[in-house]
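[1] Pasting a predicted model and its sequence here:
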Amino acid sequence: MSIARTHHQASAGNAKQGESPATASGYLLAGQASELERLQLQSRVWEPSGRQLLEEVGDGGGARALDVGCGVLGWLRILSAWVGPDGQVTGTDVDEAMLAAADRFVTEEGLRNVGLVKDDLFASELEPASFDLVHARYEICPLGRAQEQMETYLRLARPGGTIVLEDPDTGSWHFNPPAPALERLIELIEEAFRLSGGDWQAGRKHLHLLREFGIDGNVRAEIVALPPGHPYLRLPLQFATSLEERLLALVSADDSRSCGGRARSSSKSRAAGAQRSRSCSPGPLPRRRRGVTVSAPRFPGARRRAEWGFAV
């Protein structure tokens, strides 16, 4: 975890704007039913660590909190509990399908202090300096343009407010025992994101990003061990299905079939073996950063770095 303090006026001028082909509407996995399910599962996997972070941030009663790119769930539920009945949570996204799914969830859960808004983080129409806490999960990873994103978050946070960022760090994304085919597949997924302007290593770059804006940060790494058969272990295969055309462009057809088939076989054999022995040998999970960063889950465990900061 990283804790940072900064002067609000340092938000806009200290970093050069990055250029990237990615845009808010250029999310690689947008518009797929499988992506809606994956995002909700992802949110549920990381909710416990999110609650823990909010406890460390302090009492949020009556606060105004923003979840940028909330997707189908994001931090909406835990932020709703954190701000309490006197507080207000705003969730934003540019994808109407995701907002519709989030609206159904909010209604089913009875989260009366949560509102949803269609908003582009690169051209946000939200009121500046109006949120006590601004949270963004996996926005830099797929979209890039980290400096522009930071400028938006700092502009939306009130002086003295808190910014929480979560992004992946694939340094711990490995299998135990080793699974060469799956690890090769992960390399191809990283490359597909890179070519679209994203960055799967965004989590490990958060401290540098914060310093560009005159912010000092601290980082904490967390590990979550996923039990045998957990659906989140299939994340590389889910990405492979969603990004099939892009991945095929990166490898030969023979290599692609070999990698995909061996990866599926490896994944199944690991789950079966673990169930037979009724034990789990946790591997690293993704890393996230908060404060102003976080990384993503890995297999069969996921590590994340969290960084959070205060704008004063």
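    Thanks, I have the structure now. Numbers count the residues shown, from 1 in each chain.
[2] strand partners of whichever strand or helix holds residue 67, parallel vs antiparallel please.
    Following DSSP states H and E, the helix or strand that holds residue 67 is strand 64-68. Neighbouring strands of strand 64-68 in its sheet, by DSSP bridges, are strand 88-93 (parallel), strand 131-137 (parallel).
[3] In CSV, list those strands along with mean pLDDT and distance to residue 40.
    (Each C-beta comes from the backbone N, C-alpha and C, glycine too.) Shown next, in CSV, are the strands paired with strand 64-68 (pLDDT from 0 to 100; distance: least, Cβ to Cβ, whole Å):
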stretch, mean pLDDT, distance to residue 40
strand 88-93, 98, 13
strand 131-137, 96, 13
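[4] For residue 61, which of those strands is the nearest?
    Distances from residue 61 to each of those were compared using Cβ to Cβ; the minimum, 10.6 Å, belongs to strand 131-137.
[5] Please list the residues outside that closest one that contact it.
    Contacts made with strand 131-137 from outside it, assessed by Cβ atoms under 8 Å, 6 or more residues apart in numbering, are listed as 46, 57, 60, 63-69, 74-75, 79, 90, 121, 149, 153, 156-158, 161-167, 288, 294.
[6] tell me the phi and psi of residue 86?
    For residue 86, the backbone dihedrals are phi -90, psi 0 (criterion: degrees, to the nearest 10).
[7] Could you list the low-confidence segments of the stretch 151-300 of the chain?
    With pLDDT under 70 as the threshold, the stretch 151-300 of the chain has low-confidence stretches at 217-218, 221, 252-300.
[8] which residue ranges form the helices in it?
    Along the stretch 151-300 of the chain, the segments classed as helices by DSSP state H, counting those that start in this stretch run 180-195, 206-212, 235-242, 244-248, 253-277.
[9] Which parts of the chain are strands?
    Under the criterion DSSP state E, the chain carries strands at the ranges 2-6, 64-68, 88-93, 114-118, 131-137, 157-166, 220-225, 292-294, 301-311.
[10] Just checking: what are the partner strands of the fourth one?
    Here strand 114-118 is paired, per DSSP bridges, with strand 88-93 (parallel).
[11] Residues contacting the partner strand, please?
    Applying Cβ under 8 Å, 6+ apart, the contact partners of strand 88-93 are 63-71, 74, 76, 79-80, 83, 99, 102, 106, 111, 113-119, 121, 124, 126, 131.
[12] please redo it, this time with the cut-off set to 7 Å
    By Cβ atoms under 7 Å, 6 or more residues apart in numbering, the surrounding residues in contact with strand 88-93 are 64-71, 74, 76, 79-80, 83, 99, 102, 113-119.
[13] Would you convert the strands paired with strand 64-68 into CSV that also reports mean neighbour count and distance to residue 208?
    Shown next, in CSV, are these (neighbours: other Cβ atoms under 10 Å; distance: least, Cβ to Cβ, whole Å):
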stretch, mean neighbour count, distance to residue 208
strand 88-93, 25, 26
strand 131-137, 26, 17
